[in-house]
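1. predicted coordinates and the sequence they were generated for:
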Amino acid sequence: MLKFFRKEKPDRPIKDKKPSADRGILVFENTSEVIQAENILKRSGWRVRVMGPPPEIQSGCDLVIEFPLIEELNILRELRHAHISPLAVVPVTAPLLAPVDLFHTKDFGDYLMVRAANMKITVAKNSLKIVNISGGGCPDVPFLAQEMVGKTLAEAPRPRDLGHTLCGYALDLAYEELCRKC
């Protein structure tokens, strides 16, 4: 089962993805609220994870935040203090209610690609240079690609700092995952 607690060891990965009643998901009206809530909760040390919503509860936004259900009241209090309220809080009680992992990794030999939602970022494994950014349909995708392709992961700006759309956010998630893998 997943273990989410106050951050004690920031490098500890979240591995097991089995649905369990000790997790819940926060459903929001739009992507902007998800990003704000994630930032607030992570800044406060909560181990939360942005994921795709299970099909049974999809609403306006195609992202949810997975959190430790035992901390529901504390997390909701913190979000209310920041004037952010989820549309729903859903306990993960069945496999069909499990959030969907946003990440898919593909190894092409000399290149490694990570996809998060609809955005993909590919690096050359020997130099960690970004060779391609693709996907999405948001207006900032060409700008993000222009600013990042040709630079190493360490040199490239964070997509979150440049983009302000769902595509920019998804690219930032893919960028973070690629940094973890490399």
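-> That came in fine, so what should we check first?
2. what separates stretch 34-53 from the chain centre, distance-wise?
-> Relative to the centre of its chain, stretch 34-53 is centred 8 Å away, using C-alpha atoms, centre = their mean, to the nearest Å.
3. revised request: answer the last question for stretch 123-135.
-> For stretch 123-135 - counting by C-alpha atoms, centre = their mean - the centre lies 20 Å from the chain centre.
4. stretch 34-54 too?
-> Relative to its parent chain, stretch 34-54 has a centroid offset of 8 Å by C-alpha atoms, centre = their mean.
5. with stretch 131-144 instead?
-> Counting by C-alpha atoms, centre = their mean, stretch 131-144 is centred 17 Å from the centre of its parent chain.
6. any idea of the mean pLDDT for it?
-> When pLDDT is averaged along stretch 131-144, the result is 91.
7. could you do stretch 117-126 as well?
-> What stretch 117-126 shows for mean pLDDT is 93.
8. pull up the distance across it, start to finish.
-> End-to-end span of stretch 117-126 (C-alpha to C-alpha, to the nearest Å): 26 Å.
9. please renumber so the chain begins at 114
-> Sure, I'll start counting at 114 from here, so that last one is stretch 230-239.
10. give me the contact list for it.
-> Here stretch 230-239 makes contact (C-beta atoms under 8 Å, 6 or more residues apart in numbering) with 165, 175-176, 215, 221, 223-227, 242-250, 254, 261, 266, 279-280, 283-284, 286-288, 291, 295. Where you see a C-beta, it was placed from the backbone N, CA and C, and this is true even at glycine.
11. filter the residues you listed down to the buried ones.
-> Burial by neighbour count, judged by 16 or more other C-beta atoms under 10 Å, picks out 175-176, 215, 225-227, 242-243, 246, 248-249, 254, 261, 266, 279-280, 283-284, 286-288, 291 from the contacts of stretch 230-239.
12. so which elements touch the longest helix seen in the chain?
-> Counting by DSSP state H, the longest helix found in the chain is helix 279-294. If contacts are counted by 3 or more C-beta pairs under 8 Å, 6 or more residues apart in numbering; DSSP states H and E, helix 279-294 sits against helix 144-156, strand 216-220, strand 224-229, strand 232-237, strand 243-248, helix 254-261, helix 272-275.
13. centroid-nearest residue for this protein?
-> residue 163 (4.0 Å; C-alpha atoms, centre = their mean).
14. hey, what's that one bridged with?
-> Taking DSSP bridges as the rule, residue 163 bridges to residue 178.
15. low-confidence stretches in the protein?
-> Along the chain, segments meeting pLDDT under 70 span 114-134, 170-174, 207-214.
16. and the longest helix of the chain, how far out from the chain middle?
-> 7 Å.
17. what's the angle from it to strand 243-248?
-> Helix 279-294 and strand 243-248 are oriented at 140 degrees to each other (axes from the mean of the first three to the mean of the last three C-alpha atoms, to 10 degrees).
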